[in-house]
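J.: No letters, just coordinates:
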């Protein structure tokens, strides 16, 4: 890199507010002077939301209430998060608070997965295990190989990206595994009747579910830079980092996210499949989502 690691880390923290997770909570322009978009800029960004509301109303899509609620909820959540981050990321704050924040991320991710896939039996502990594994492995690689320094401003946003992207894939994997085994129940039971173990009987359906959960992230990785510019890269460029340095950081993050998604999908896919079979290799009864 043309920038030293401490300098790049400092500018990375400036760009994090724009987009390591793709959610802009502030805008930093230039490497020497910074300028917030302010409340006026934030209000101006709602113009297209008004357009979306008008389209929904005109075409009778019935999404107006959902849009308003999502915007209001996002605003409150991010403002509270921003206030909390100013305390956690304060120079005098202990890094222990950052690690506690990561633990809270894992727990909230587990709750979110459970709420999004309530028809999946025993999904909460599996989701906790998957996100914990992702957090441990990804942060172990990041800090073990000194890709980034162990600081509060790197621990929280990097963990958030790994856990957040994995959480979405976990939901897809859990619902697909359950749906495949539920819809193909007769085929699974026929394979069991032929003497196959539960692992062999469920393997084709587990494979299909895992492919479905991982393909979006694979395709997103393929299209990066051609179809869209990711959040971390965009934030760093807006923060004044050279495009080449921003690309290096973004590539490292994309590779880590892809690996994190693969790990989480594997943990949930294999663990859930085992839960859906009784000790004597019978497929449990599965209900359809409401």
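T.: Okay, I see it. Predicted model only: the values in this text are computed from it and were never measured. Numbers count the residues shown, from 1 in each chain.

J.: all contacts plus neighbour counts: C-alpha atoms, from now on.
T.: OK.

J.: got any ranges where this structure has weak pLDDT?
T.: Scanning the chain for pLDDT under 70 picks out 1-36, 290.

J.: One more pass at 50, please.
T.: The model of the chain has pLDDT under 50 over residues 1-11, 13-14, 16-35.

J.: Tell me where it has helices.
T.: Taking DSSP state H as the criterion, the chain carries its helices at 5-19, 38-44, 47-58, 64-88, 96-116, 123-144, 152-183, 185-193, 198-223, 231-238, 243-275.

J.: Please identify the deepest-packed of these.
T.: Between the helices of the chain, helix 231-238 has the highest mean count of neighbours, a mean of 26, where neighbours are mean count of other C-alpha atoms under 10 Å.

J.: could you give the angle of that helix to helix 243-275?
T.: Relative orientation of helix 231-238 and helix 243-275, computed by axes from the mean of the first three to the mean of the last three C-alpha atoms, to 10 degrees: 160 degrees.

J.: and stretch 141-152, how far out from the chain's middle?
T.: Relative to its chain's centre, stretch 141-152 lies at 19 Å (C-alpha atoms, centre = their mean, to the nearest Å).

J.: Does residue 191 touch residue 203 like I think?
T.: No. Using C-alpha atoms under 8 Å, residue 191 is not in contact with residue 203, being 10.7 Å away.

J.: Contact partners for the closest residue to residue 180 other than its chain neighbours?
T.: The shortest distance from residue 180 to any non-neighbouring residue, by C-alpha to C-alpha, 6 or more residues apart in numbering, is to residue 205 (5.8 Å). Applying C-alpha atoms under 8 Å, 6 or more residues apart in numbering, we find residue 205 in contact with 177, 180-181.

J.: what separates residue 205 from residue 283, distance-wise?
T.: Taking C-alpha to C-alpha, to the nearest Å as the measure, residue 205 falls 13 Å from residue 283.

J.: Residue 226 now?
T.: 44 Å.

J.: what's residue 147 sitting at in phi/psi?
T.: Main-chain dihedrals, residue 147, degrees, to the nearest 10: phi -70, psi -40.

J.: Residue 223 versus that one, what's the distance?
T.: 24 Å.

J.: Quick one: distance of stretch 134-144 to the chain centre.
T.: The answer for stretch 134-144 is 15 Å, by C-alpha atoms, centre = their mean.
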